[in-house]
Structure formats: structure tokens, C-alpha cells
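Enquirer: structure, please.
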Amino acid sequence: MAILAGGLAGATLLLVAEFTPLFYVYTPRTGARVETVGTGSHHAFAMIPIALLVGALACGAWASASRPALVSIGVLAVIALGISLLVDLPDAHASGLIGSSSARFVGVNSTPAVGMYLETLAAAFLLITSVCGWLWLGAVAPAQARRRQPD
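Expert: Numbering: from 1, shown residues only. Below you'll find the predicted structure:
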């Protein structure tokens, strides 16, 4: 039951994160917010298929005690963590200039918002679920093997 709950909770966090702000762009001198960048639009809503697949794999891992499903959840968690840390995090801590040729350029900084934290938390949660599920199935498997042996 913990595998199903962990997998579905992580998948839900990934889905929620896709529809929240990823980072805010603001001017450091005045502190005015210039732009809000959404999590999903920043990486083409890549976490939605990952979340749906994780949900299906969590149901399969729970129903049949499938180790390959748990490994797949772990691989998807690493992919989600990679998107979060390698694609989203650098832009969430970036600074630069904005403006056009007719206007003056203004220095801006970006700061992470709730979407950054949610997707990172979800990926870490799924990775923990995968590892703990694998360990739990390892502890249960020998007991099942002993019951199946003829006397």
C-alpha cells in the first residue's frame, strides 16, 4: 500500500507543479516583478507524461509486487530530477538584461517560486518510494519463497 500511496503522491505533486509559477523575474533596484514564468511552459509540460506513467506504474507495482515497475519509477524520478535541476534551476537563478532597441535596458534577476520546489520534492519523493519499495519487496520475497517450498 505504501508503494501505491508514494507513487500516486509523487505523481500528483508533479501534476500540481506543472500549473504553478516556476520563477519570478524582477528588477533588483525597484523590486518590481517583470514576469512570472510557469513551470509547465518552461519545459513543454514534460512532467505530465512522467506523472501519468508513474501513476500507472505505481498501480502495477502495488498490484503485482513488480520490481521492474519500481525500477521504472526510479528511472522516471531521476529523469524528473534531471529536468528540475539541469533545465529549470539555472533559469530560476539567472540574471541579465531585458529591453528593446527603442527602450533602455534594465538589469533583472530571477528567483525560484513554488513550482521549482514542488517538482524537485516530487522527484525526490518518487526516488525514495522506488528505493524503499525495492527494499520492502526484497524483505517480503524470501518469506514468500519459503511458503512455496514443498515439505
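Enquirer: which helix or strand contains residue 96?
Expert: Assigned by DSSP states H and E, residue 96 belongs to strand 95-98.
Enquirer: oh sorry, the question was meant for residue 15
Expert: helix 2-17.
Enquirer: what is that helix packed up against?
Expert: Contact here means 3 or more CB pairs under 8 Å, 6 or more residues apart in numbering; DSSP states H and E; on that basis helix 2-17 packs against helix 47-64, helix 67-82, helix 114-148. Where C-beta positions appear, they are placed from N, C-alpha and C, glycine not excepted.
Enquirer: now do that helix, average pLDDT.
Expert: Averaging pLDDT along helix 2-17 yields 94.
Enquirer: pull the CA atoms of the following helix or strand past that helix into PDB?
Expert: Elements were assigned by DSSP H and E; along the chain past helix 2-17, the next helix or strand is strand 21-26. Extracted C-alpha coordinates of strand 21-26, given in PDB (Å, rounded to 0.1, in the frame of the first residue of the first chain):
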ATOM      1  CA  PRO A  21       4.900  29.500 -11.200                       C
ATOM      2  CA  LEU A  22       8.400  28.300 -11.700                       C
ATOM      3  CA  PHE A  23      10.300  31.500 -11.100                       C
ATOM      4  CA  TYR A  24       9.700  35.300 -10.900                       C
ATOM      5  CA  VAL A  25      11.800  37.800 -12.900                       C
ATOM      6  CA  TYR A  26      12.200  41.100 -11.100                       C
END
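Enquirer: returning to what we had before: paired strands for the strand holding residue 96, with orientation please.
Expert: Strands adjacent to strand 95-98 in the sheet, as given by DSSP bridges, are strand 106-112 (antiparallel).
Enquirer: ok, the closest residue to residue 130 other than its chain neighbours - contacts?
Expert: Nearest residue to residue 130, sequence neighbours excluded (CB to CB, 6 or more residues apart in numbering): residue 74, at 3.4 Å. Contact analysis of residue 74 by CB atoms under 8 Å, 6 or more residues apart in numbering lists 126-127, 130-131, 134.
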